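Novice: I'd like to go over a predicted model; first the sequence, then the structure.
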Amino acid sequence: MIFLMDENQNLNNGAPDLNEERVLFEWEAPERAYQKRNKDFWVTAVAILILVSVILFFINEFLLIMALISVLFMYYAMSTVAPGTVKYKLTNWGIYFGELRYSWSNLNKFWFKKELSNEMIYFGTNLKFPTAVAMVINEGDKEKLKGMVVKRIPLLNESPTFVDKLTKWFGEHLPLEDRNKDKKG
């Protein structure tokens with residue numbers, strides 16, 4: 001039996017074609033979290049680095065001193081060079097970070113996090129690399145994105161990693177810059 005179908009006829013009787021990718025939500029934002037740091041932050045960071053380096057010098061940890069200097073330099077470079085803009089998309093097939101696509105089957109959880117001065121959405125992956133995909137979002141779009149993504153993967157209330165929890169604790173208890181200065185000005 002041969003079944004011929006007109007181009008305008010739909011096999012699903014009007015239902016949307018599941019093989020066709022549809023964009024659910026699309027936005028443009030910086031490709032990473034970014035916040036310009038002031039002079040007080042850098043003076044404090046360098047002072048802490050010098051104190052830690054002196055202690056490490058006395059226990060002959062020269063490679064660790066160089067690694068700490070390298071990390072501070074990398075952080076300085078990333079906080080002085082503004083990130084480029086990238087297009088993000090949520091589709092029925094997955095998420096797009098620029099031209100990179102991660103299918104829903106490779107994503108296992110998501111959560112929101114405020115990083116520097118940006119609102120972020122993180123997607124945990126089943127992949128060896130990257131283990132998580134971070135996207136900068138507009139704060140006004142948070143609930144809309146949450147409603148779309150929670151239908152496909154579970155939402156976590158906070159970041160699941162120990163490093164994120166440790167960083168949050170240090171940020172709250174050992175601030176490197178005066179937070180009241182931003183509120184006054």
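Specialist: That came in fine, so what should we check first?

Novice: name the element residue 89 belongs to?
Specialist: Taking DSSP states H and E as the definition, residue 89 sits inside strand 85-91.

Novice: And the helices in this protein, which stretches?
Specialist: Ranges of helices in the chain, per DSSP state H, are 39-58, 62-80, 142-149, 162-173, 179-184.

Novice: Where does pLDDT dip in the chain?
Specialist: 1-18, 159-160, 175-185 (pLDDT under 70).

Novice: Show me how it divides into domains.
Specialist: 23-32+84-174, 39-81 (automatic domain parsing).

Novice: Mind checking which residue lies nearest the centre of the protein?
Specialist: With distances taken as CA atoms, centre = their mean, the residue of the chain nearest its centroid is residue 134 (2.3 Å).

Novice: Wait, it touches residue 122, no?
Specialist: Yes: between residue 134 and residue 122 there is a contact at 5.2 Å, judged by CB atoms under 8 Å. All C-beta spots, glycine's among them, are computed from the backbone N, C-alpha and C.

Novice: how far is stretch 106-119 from where the chain is centred?
Specialist: Centroid displacement of stretch 106-119 relative to its chain, using CA atoms, centre = their mean, to the nearest Å, is 5 Å.

Novice: how about that stretch: buried residues?
Specialist: 107, 110, 111, 112, 113, 115, 118, 119 (16 or more other CB atoms under 10 Å).

Novice: Next: stretch 38-51.
Specialist: The neighbour-count check on stretch 38-51 (16+ other CB under 10 Å) flags 41, 42, 45 as buried.

Novice: Does residue 131 touch residue 125 like I think?
Specialist: Yes: applying CB under 8 Å as the test, residue 131 and residue 125 come out as touching, 5.9 Å apart.

Novice: For the two, work out which one has more neighbours and name it.
Specialist: The residue with more neighbours, out of residue 131 and residue 125, is residue 125; 17 against 10, by other CB atoms under 10 Å.
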